[in-house]
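Asker: Sequence first, then the predicted structure:
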Amino acid sequence: MTRYVMFRAGQAVLVLWAAFTAAYVLLRLLPGDSILIKFQNPELGLSPQQIAEIRAHYDGGASALATYLDTLSGFLRGSLGYSIDTGTPVTERLAEALPETAKLASAGFGLAVLIAVAIAFAAASSRSSWIRGALLSVPSLFVSVPVFWLGILLIQVFSFRLGLVPVIGGSAAQQLILPVLTLAVPISAPIAQVLARAVDQVRAQPFVPVVAAKGASRQWILWRHVARNATLPALTMAGLVFGELIAGSVVTETVFGRNGIGRLTEQAVNAQDTPVMLAVVVLAAVVFVLVNLVVDLLYPVLDPRLKAAP
Amino acid sequence: MNRVGLGLAAAWLVIAVALLWAVVPGLFTGYDPIAGVPAEKLRPPGGPHLFGTDPVGRDLFARVVHGSAHSLSGAFTAVAVGLLLGTLLGVLAGSAGGLADDAIMRLVDVLLSVPGLLLALTVIILLGPGTVNVAIAVGVGSVAAFARLTRSEVVRVRRTDYVEAAFGSGGRYPAVLWRHVLPNSLGPVVALAALQFGLAILAISTLGFLGYGAEPPTPEWGLLIAEGRNYLATSWWLTTLPGAVVVAVVLAAGRISRSIGKDTP
């Protein structure tokens, strides 16, 4: 068991290192000129020599490998470099943005799981095949909707038509409702699909008729027996889509004018602020890898049969 | 025809219409997508303007019809990039095995650990904004999915008896790969390509909405919705109708993808 944990943790560290390196090569080595892009603007009136000085200020004039190792050790120590756009430490900008996005993402993820469970179990407990089919096609509708359009549509319906949520002002909770819903809908779809399929598979297992023969009701079987066995695949999928929360926040925060990681990302792309983008990409990879590591390690806890295995 | 067949037929119809919009927009609308008639600004849908008009009096339906060329060609480019790079990596990994397989698949793991939109934005920082760059960026985001699927298919087909037989009867490696392994691995890959086509339309419209794609006044679908945002309170059609078109096309692509996936084991 300990060996398994160590092996999986080691694998996670390796993927993170590779993600950092790939992002670093893409963002910092290949362009190499994000500084030039910002400072070559003729209005600034900087001479090539001054630009060279600025560059030396940013990367210390060191070789590519030394800069890479320096940045890597900086990331390991929690120092993420300096934003080219504002000149402030990237750590500061991330720390400012993170709480807002954490609020949005955790609420969005919670709601996504609720929606997924509701769809999958409503479909499973409905006796009409027509309703069942309709419910099961909801996830494919959800993934086909552009997130930004959904956000706009929600503003239109709930703020402008029905007047339920104020467009400007309103309490913090009111301001959170529509963004959370926007973020949750596309993320709930894959979880709902996997959960519905898992529920079907579990129901086909021989123990279900046995429990029914003992006199358990449909709902009892569904919630006490089937649900527990169908959690694992859904949990795996939930871990896989967790990373999408950060990507989803880019769109959601832009549509609703919220500050957070998504907004920061958008600003970084507009200003070609590669240090900030590098930090965001690494953050997304860290979240993805950590969540999936936790999911992997949870398997034996949730399913005792897996404890015997490595 | 049963209900399932009907849905599939509708999906093909939607895709066919969208393609025709892209190829012969003149057949569907007589209005100019760029030049507007200021006197007819912000007309609601109905009458001569099926989708209404925008703040400068351009016919929205004409803009959606002409916009399909940008969105669809972008999606085709994106799928082509993802398909080519992805299948190449997948076939290499699946047929080489050993160290090369491990190295390629760890790279794919890394690609999968970064959400598609962030990956696309990274490529956009690198290449700069623009229609083609956005398409390439979206395509790079789908490389990992294609590589994974192709590899697993190649590994599966390689173990089958007829491939063993082809090797046994003296077939050389590249020839067997080309004649037996590739054609038999292709079905699921085509299904994924159809699915990715829909997802690429979504991603391209998202990047267009964020302002990294086509420049105004190009009638790109995402940009159309972005432009309608300022008129939410008064003119619902400016955002709602182009978005509904996007949803219809993406849904249709997904439906077709599932039908292809079902036909091939």
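Answerer: Sure thing, it's come through. Numbers count the residues shown, from 1 in each chain, chains lettered A, B, ... in the order given.
Asker: low-scoring stretches of chain B, by residue?
Answerer: Applying pLDDT under 70 to chain B picks out residues B:1-4, B:263-265.
Asker: what's the nearest residue to residue A:291 if we skip its chain neighbours?
Answerer: residue A:242 (4.5 Å; C-beta to C-beta, 6 or more residues apart in numbering or on different chains). For the C-beta atoms, the positions are set from N, CA and C on the backbone; glycine is no exception.
Asker: Residue B:187 contacts residue B:259, correct?
Answerer: No: between residue B:187 and residue B:259 there is no contact, the gap being 11.8 Å when judged by C-beta atoms under 8 Å.
Asker: Could you point out the longest helix of the chain?
Answerer: All of this refers to chain A. Identified as the longest helix of chain A according to DSSP state H is helix A:90-125.
Asker: hmm, I had chain B in mind actually
Answerer: If you go by DSSP H, chain B has its longest helix at helix B:60-96.
Asker: roughly how far out does the next helix-or-strand element following that helix sit from the chain middle?
Answerer: Later in the chain than helix B:60-96, the nearest helix or strand by DSSP states H and E is helix B:98-113. Put simply, helix B:98-113 sits 24 Å off its chain's centre (C-alpha atoms, centre = their mean, to the nearest Å).
Asker: For helix B:98-113, name the packing helices and strands.
Answerer: helix A:2-24, helix A:274-302, helix B:60-96, helix B:131-158 (3 or more C-beta pairs under 8 Å, 6 or more residues apart in numbering or on different chains; DSSP states H and E).
Asker: closest one to residue B:24 among these?
Answerer: Proximity to residue B:24 (C-beta to C-beta) singles out helix B:60-96 among the helices and strands packed on helix B:98-113, at 9.7 Å.
Asker: buried ones in the closest one?
Answerer: Neighbour counts using 16 or more other C-beta atoms under 10 Å in any protein chain shown place B:60-72, B:74-79, B:81-83, B:85-87, B:89-95 of helix B:60-96 among the buried residues.
Asker: next one: stretch A:98-105
Answerer: A:100-101, A:103-105.
Asker: ok, residues contacting that stretch?
Answerer: The contact list for stretch A:98-105 (C-beta atoms under 8 Å, 6 or more residues apart in numbering or on different chains) reads A:176, A:179-180, A:183, A:245-246, A:248-249, A:252-253, A:258-262.
Asker: Closest to chain B out of those?
Answerer: Nearest to chain B out of these is residue A:246 (C-beta to the nearest C-beta; 6.1 Å).
Asker: Just want the phi and psi numbers for that closest one.
Answerer: Torsion angles at residue A:246 (phi, psi; degrees, to the nearest 10) stand at phi -70, psi -40.
Asker: which ones are touching it?
Answerer: Residue A:246 touches A:101, A:105, A:261-262, A:280, A:283-284, A:287, B:115, B:118, counting by C-beta under 8 Å, 6+ apart.
Asker: swap the cut-off to 7 Å and go again
Answerer: Neighbouring residues of residue A:246 by C-beta atoms under 7 Å, 6 or more residues apart in numbering or on different chains: A:261, A:284, A:287, B:115, B:118.
Asker: now swap in residue B:82 and tell me
Answerer: By C-beta under 7 Å, 6+ apart, residue B:82 lies in contact with B:139, B:142-143, B:146, B:196.
Asker: Touching, residue A:75 and residue A:20? I think so.
Answerer: Yes: taking contacts as C-beta atoms under 7 Å, residue A:75 lies within contact range of residue A:20: 6.5 Å.
Asker: which neighbours do these two share?
Answerer: Counting by C-beta under 7 Å, 6+ apart, the residues touching both residue A:75 and residue A:20 are residue A:282.
Asker: Quick check: the gap between residue A:176 and residue A:160.
Answerer: Here the criterion is C-beta to C-beta, to the nearest Å. By it, residue A:176 lies 19 Å from residue A:160.
Asker: Residue A:185 against residue A:153, yeah?
Answerer: No: counting by C-beta under 7 Å, residue A:185 does not reach residue A:153; the two are 10.6 Å apart.
Asker: buried sites along stretch B:105-115?
Answerer: Buried, per 16+ other C-beta under 10 Å, within stretch B:105-115: B:105, B:107-115.
Asker: can you pull out the strands in the stretch 51-200 of chain A?
Answerer: Along the stretch 51-200 of chain A, counting by DSSP state E, counting those that start in this stretch, no stretch forms strands.
Asker: Okay, now the unreliable bits of it?
Answerer: Scanning the stretch 51-200 of chain A for pLDDT under 70 picks out A:51-52, A:54-62.
Asker: and it, which of its residues are near chain B?
Answerer: Residues of the stretch 51-200 of chain A that fall close to chain B, judged by C-beta under 7 Å from any C-beta of the partner chain: A:140-141, A:144-149, A:152-153, A:155-156, A:160.
Asker: What is the nearest of these to residue A:294?
Answerer: Residue A:294 lies nearest to residue A:147 out of these, by C-beta to C-beta, at 25.8 Å.
Asker: quick one: the closest one and residue A:187 touch, right?
Answerer: No: Residue A:147 lies out of contact with residue A:187 (C-beta under 7 Å); the separation is 9.6 Å.
Asker: With respect to chain A, which of the buried residues of stretch B:105-115 is nearest?
Answerer: Of all the buried residues of stretch B:105-115, residue B:115 has the smallest distance to chain A: 3.6 Å, by C-beta to the nearest C-beta.
Asker: Quick check: phi and psi at the closest one.
Answerer: The phi/psi pair for residue B:115 (degrees, to the nearest 10) is phi -60, psi 150.
Asker: Can you tell me the closest non-neighbouring residue to it?
Answerer: residue A:247 (3.6 Å).
Asker: give me the element that neighbour is part of.
Answerer: Here residue A:247 is assigned to helix A:244-256, by DSSP H and E.
Asker: who's in contact with the residue nearest to residue B:115?
Answerer: Contacts of residue A:247 (C-beta under 7 Å, 6+ apart): B:115-118.
Asker: For those residues, name the two members farthest from one another.
Answerer: B:116 and B:118 (7.4 Å).
Asker: circling back: out of the contacts of stretch A:98-105, what pair is the most spread apart?
Answerer: Between any two of those (C-beta to C-beta), the greatest distance is 17.2 Å, for A:176 and A:246.
Asker: related to what we said a few turns ago, so what sits against both of residue A:147 and residue A:187?
Answerer: By C-beta under 7 Å, 6+ apart, residue A:147 and residue A:187 have these common neighbours: residue A:248.
Asker: in the longest helix of chain A, what counts as buried?
Answerer: Within helix A:90-125, the residues that count as buried by 16+ other C-beta under 10 Å are A:90-91, A:93-94, A:97, A:100-101, A:103-105, A:107-109, A:111-113, A:115-117, A:119-121, A:123-124.
Asker: And it, how far out from the chain middle?
Answerer: Centre-to-centre, helix A:90-125 and its host chain are 8 Å apart (C-alpha atoms, centre = their mean).
Asker: between it and helix A:244-256, what angle do the directions make?
Answerer: Here the directions of helix A:90-125 and helix A:244-256 differ by 100 degrees (axes from the mean of the first three to the mean of the last three C-alpha atoms, to 10 degrees).
Asker: Report the angle between helix A:90-125 and helix A:274-302.
Answerer: Using the same axes, to 10 degrees: helix A:90-125 against helix A:274-302 is 40 degrees.
Asker: unless I'm mixing things up, residue A:266 is touching residue B:209, no?
Answerer: No: using C-beta under 7 Å, residue A:266 is not in contact with residue B:209; the gap is 11.0 Å.
Asker: Looking at those two, which has the bigger crowd around it?
Answerer: Neighbours per residue (other C-beta atoms under 10 Å in any protein chain shown) separate residue A:266 from residue B:209, with residue B:209 holding more: 27 against 18.
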